[in-house]
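Peer 1: Need the 3D shape of this:
(chains A and B)
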Amino acid sequence: MPLLKIDKLSKSFGGLKAVSNLNIEINDGELIGLIGPNGAGKTTVFNLLTGVYEPTEGSVKFQSKDMRGLKPYQVTQSGMARTFQNIRLFSDLTVIENVKIAYHQRSSYSTLSAFLRLPSYYAGEEEMQRKAMELLKIFNLEDKAEEVAKNLPYGEQRRLEIARALGTEPKLLLLDEPAAGMNPQETHDLMNLIRWIRQQFNLAILLIEHDMSLVMGVCERIYVLDYGMIIAQGTPDEIKNNPKVIEAYLGEEVV
Amino acid sequence: MGKRINRQSVLTLVGVLLVYAIVQGSIFMDILPPFVALTLIQVCIFIILATSLNLINGITGQFSIGHAGFMAIGAYVAAIVVVKFHGPLLLALIAGAAAAAVAGFLIGLPTLRLKGDYLAIATLGFGEIVRIVFLNTSYVGGASGFSVPKTITWTWAFWLTVLSIIIIRNFIKSTHGRACISIRENEIAADVMGINTTKYKIMAFTIGAFFAGLAGGIYANYLYIIQPLTFSFLKSFDILVMVVLGGLGSLTGSVLGAVVMTVVSAALSGWPEWRLVITAVLLIVMMIFRPKGLLGTKEFSLSFLGKKGDKNASSKD
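Peer 2: Below you'll find the model as predicted:
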């Protein structure tokens, strides 16, 4: 049974078919790329998966569970986390607070213990602090734990967003253009980080990306989306030589 | 984190006890002018109102301006318990606060789907509806008011205020409070981080309403008489001004805002025609020089009296 099974998923906005008849399967621990030209519908797919949009047709099954009609927070609670193409941090909060918010759904103490500061409050807060610091250490952000998120350099904000998503302890991580705005060196580091995350956290990753070197370098399988439809799928080598993909990206050859 | 009792909490406790003792002492020796006593109780009431509104507006970022409505519910329910059922004061206060909380929950369910201006208008409408309902209910005296015996003393008002601040602060500095703050910061991201945004908005609204109701109960049992006109949108507006003046998102700011505004308006009580003018000027100057309020989102702390070191005292414990 695959971890994620997208079956004949479609989404129309009025007359525009943003995504049509999409079929994707992701197994445990796989690293999958979703590529396509601008406006192909990649982010729409993420929004459909995470409950931001309701699909017009088709189904999404995650860990054999039907995800239809779930709200974004319920999708996250069931083990799917995402980052955003345009970074959406809690920018006025500190780095560690950003991560702690991700741990909220697994917090162990009630509102009553918060009001009265019962022992479970202290235990719960200490555990969160410890877990959040561990996560920051992994991402090399522990020195900046008390810094306000918006003051971090761009690359670190990206890293923090990934760290925060991992704080929800997902089984599947959706990364929406994580290399956007990064220089080649940063992209290279990110590539290693993504590989390493997958092993360390034992999860599957679905990656949307424009940067071909990144996608070709880390993904095991790639889906190519154009005008809301899958036009090709396969290993990076197969995709590189697929005439349909070349056509979608570079245009048709003029004879 | 870690140490549960630190230097700062000891200093704060000493400060709180000192304020209480000085006032209580002067009441005991009968040297406190009645006007000052009245102002002090009003300060307490407005501190509870401002901090609880800040929980909704500043912490959770839901712009509500119907706080006087919840205060009115608390005041009238507490008054009914005391006058009509001869219940004890504590029970009356709890009943008033609980009734306001229930109203907050019921109003929050539909209105918190609205955002920004729309929510503000809906809560404003709610406050006016509450006032008009009481205005037209002869059971509670209608427009002429409802007489209630004065049973609130400085001790009651002061310690209930302290308790309210502590409970709201404890909530804010917990994971549940952080969930509320995350909604203010970025609602979409909060949702995607697994936070049930609707639940936390309603929770903040309900807790805020609870304490507004408590403040209403204290008010009713101190002022001899309550009238619907007291709880008009102008009252909501006064509370909002205190919160904005102190800084949206700062609890100590709300306390400061409540103290400043209450004292200023008490000092100007001899010139009622100037009160609103001076308040307005104060606000304009404020918005120009400190648009985020006196304290912004920071918390005032006494830690500078101790060792330096902890430069992030505002975000930590």
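Peer 1: okay, CA-based contacts and neighbour counts for the rest of this
Peer 2: OK.
Peer 1: Look at residue B:184 and say how many residues are nearby.
Peer 2: Here the number of neighbours of residue B:184 (other CA atoms under 10 Å in any protein chain shown) works out to 20.
Peer 1: Check what pLDDT it gets.
Peer 2: Residue B:184 is assigned a predicted lDDT (pLDDT) of 94.
Peer 1: Which single residue of chain B ends up nearest chain A?
Peer 2: residue B:194 (3.9 Å; CA to the nearest CA).
Peer 1: In which helix or strand does that residue reside?
Peer 2: Counting by DSSP states H and E, residue B:194 is held by no secondary-structure element, helix or strand.
Peer 1: quick one: the helices in chain A?
Peer 2: Using DSSP state H, the helices of chain A run over A:42-49, A:72-77, A:95-103, A:111-116, A:119-138, A:154-167, A:184-201, A:212-218, A:236-240, A:243-250.
Peer 1: Could I get those in CSV, plus columns for distance to residue B:61 and mean neighbour count?
Peer 2: Compiled in CSV, these are given as follows (distance: least, CA to CA, whole Å; neighbours: other CA atoms under 10 Å in any protein chain shown):
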stretch, distance to residue B:61, mean neighbour count
helix A:42-49, 25, 21
helix A:72-77, 19, 24
helix A:95-103, 16, 27
helix A:111-116, 19, 17
helix A:119-138, 24, 18
helix A:154-167, 22, 22
helix A:184-201, 34, 15
helix A:212-218, 39, 16
helix A:236-240, 46, 16
helix A:243-250, 44, 15
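Peer 1: quick one, which of the ones you listed is nearest to residue B:90?
Peer 2: Of all the helices of chain A, helix A:111-116 sits nearest to residue B:90, with 19.2 Å by CA to CA.
Peer 1: Identify the residue nearest residue B:61 in space, chain neighbours excluded?
Peer 2: The shortest distance from residue B:61 to any residue other than its chain neighbours is 4.5 Å, reached at residue B:184 (CA to CA, 6 or more residues apart in numbering or on different chains).
Peer 1: For the one you found, give me its contacts.
Peer 2: B:58-62 (CA atoms under 8 Å, 6 or more residues apart in numbering or on different chains).
Peer 1: Work out for me the element it sits within.
Peer 2: For residue B:184, the host element (DSSP H and E) is helix B:175-185.
Peer 1: Please put the alpha-carbon coordinates of that helix into PDB.
Peer 2: As requested, C-alpha coordinates have been extracted for helix B:175-185 and formatted as PDB (Å, rounded to 0.1, in the frame of the first residue of the first chain):
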ATOM      1  CA  THR B 175       1.500  26.400  24.100                       C
ATOM      2  CA  HIS B 176      -2.200  27.400  23.800                       C
ATOM      3  CA  GLY B 177      -1.200  31.100  24.000                       C
ATOM      4  CA  ARG B 178       1.400  30.500  21.400                       C
ATOM      5  CA  ALA B 179      -1.300  28.900  19.200                       C
ATOM      6  CA  CYS B 180      -3.300  32.200  19.500                       C
ATOM      7  CA  ILE B 181      -0.200  34.300  18.700                       C
ATOM      8  CA  SER B 182       0.500  32.200  15.600                       C
ATOM      9  CA  ILE B 183      -3.000  33.100  14.300                       C
ATOM     10  CA  ARG B 184      -2.200  36.700  14.700                       C
ATOM     11  CA  GLU B 185       1.200  36.300  13.000                       C
END
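Peer 1: Can you name the next helix or strand after that helix?
Peer 2: Following helix B:175-185 in sequence order, the next helix or strand is helix B:187-192 (DSSP H and E).
Peer 1: Report the inter-axis angle for the next helix-or-strand element following that next one versus helix B:175-185.
Peer 2: Beyond helix B:187-192 in the direction of the C-terminus, DSSP H and E gives the next helix or strand as helix B:197-220. Angle between the axes of helix B:197-220 and helix B:175-185 is 110 degrees (criterion: axes from the mean of the first three to the mean of the last three CA atoms, to 10 degrees).
Peer 1: Give me the spatial nearest neighbour of residue B:231, chain neighbours excluded.
Peer 2: Counting by CA to CA, 6+ apart, the nearest residue to residue B:231 once its immediate chain neighbours are dropped is residue B:68, at 5.2 Å.
Peer 1: cool, residue B:164 as well?
Peer 2: When the adjacent residues along the chain are set aside, residue B:164 lies closest to residue B:48, with 6.5 Å between them (CA to CA, 6+ apart).
Peer 1: now do residue A:63
Peer 2: Once flanking residues are discounted, residue A:63 sits nearest to residue A:3: 5.0 Å by CA to CA, 6+ apart.
Peer 1: How many residues are close by the one you found?
Peer 2: Other residues within reach of residue A:3, judged by other CA under 10 Å, total 19.
Peer 1: now swap in residue A:181 and tell me
Peer 2: The burial metric for residue A:181, expressed as a neighbour count using other CA under 10 Å, is 12.
Peer 1: Could you check how far residue A:213 is from residue A:12?
Peer 2: 32 Å (CA to CA, to the nearest Å).
Peer 1: same question, residue B:152
Peer 2: In this structure, residue B:152 and residue A:12 are separated by 63 Å, where distance is defined by CA to CA.
Peer 1: same deal with residue A:175?
Peer 2: 23 Å.
Peer 1: which of those two has more neighbours?
Peer 2: Between residue A:175 and residue A:12, counting by other CA under 10 Å, residue A:175 is the more crowded of the two (25 against 15).
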